[in-house]
Structure formats: C-alpha cells, structure tokens
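Participant: Take a look and give me a structure for this.
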Amino acid sequence: KDNTFLLSDKTNNAVWNGTYSLERANTSHPCTSHKLSMVFENEESAFIGVYGTRLYNNSEIPSILFQTDDYILSFLAYEKIP
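Facilitator: Here you go, the predicted model:
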C-alpha cells in the first residue's frame, strides 16, 4: 500500500507531497471520518487533519481539512478528465 500524497493549489500553482497515515475517528456516525497525519517532504513534524467525504456539486467526494491558528485549509479530491 502506497501511503504517499500529492496536494496541489491550482490558484497559486503550488504542489506539496509526502507520506500519510489514517486512523478511524468516528465509528457511530453514518459518515466515516479519519484522523489524518501527514508529513510533508522536507518537514519533520506531522500535520494533523481530518479526512472524510462531503457533498459537493451533488456528489460525495473525498476531502481533507486542516486547521491552523490563522487558517482553515480545505482540499477536495480532483480527478483529471482526459
């Protein structure tokens, strides 16, 4: 199992990659969410976030949410259409 990731910010033309691990966070709710620990390339400490699904444009899609002291960062799954 390949636990690597690639996040991209199309607006600012930025890309980040690294490794991740998941731990199931919610077992009683119908929507499954996971605690997400991501270590970005060239960083020593992990960023902790939440991985789950959310309704976007009438479809359930995977999403990642991080919160810092100053920002809330939200990433939606993107599939390149050929």
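Participant: host element of S45?
Facilitator: When elements are defined using DSSP states H and E, S45 is found to belong to no helix and no strand.
Participant: Find the nearest non-adjacent residue to V15, please.
Facilitator: Beyond its immediate neighbours in the sequence, the residue positioned closest to V15 (Cβ to Cβ, 6 or more residues apart in numbering) is S8, lying 4.9 Å away. In this view, the C-beta of every residue, glycine as well, is placed from N, C-alpha and C.
Participant: Look up which helix or strand that neighbour falls in, please.
Facilitator: Element membership of S8 [criterion: DSSP H and E] is strand 4-9.
Participant: list the contacts for the residue nearest to V15?
Facilitator: The contact partners of S8, taken as Cβ atoms under 8 Å, 6 or more residues apart in numbering, are 14-16, 78.
Participant: From these, list just the buried residues.
Facilitator: W16 (16 or more other Cβ atoms under 10 Å).
Participant: pLDDT, distance to T68 and secondary structure added to the contacts of S8, as TSV?
Facilitator: What follows is the contacts of S8, written out as TSV (pLDDT from 0 to 100; distance: Cβ to Cβ, whole Å; DSSP: H, G, I helix; E, B strand; the rest coil):
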residue	pLDDT	distance to T68	secondary structure
A14	87	16	strand
V15	88	19	strand
W16	86	14	strand
Y78	70	22	coil
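Participant: now the contacts of S8 as JSON lines including distance to H34?
Facilitator: Rendered in JSON lines, the data for these read as follows (distance: Cβ to Cβ, whole Å):
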{"residue": "A14", "distance to H34": "24"}
{"residue": "V15", "distance to H34": "23"}
{"residue": "W16", "distance to H34": "19"}
{"residue": "Y78", "distance to H34": "19"}
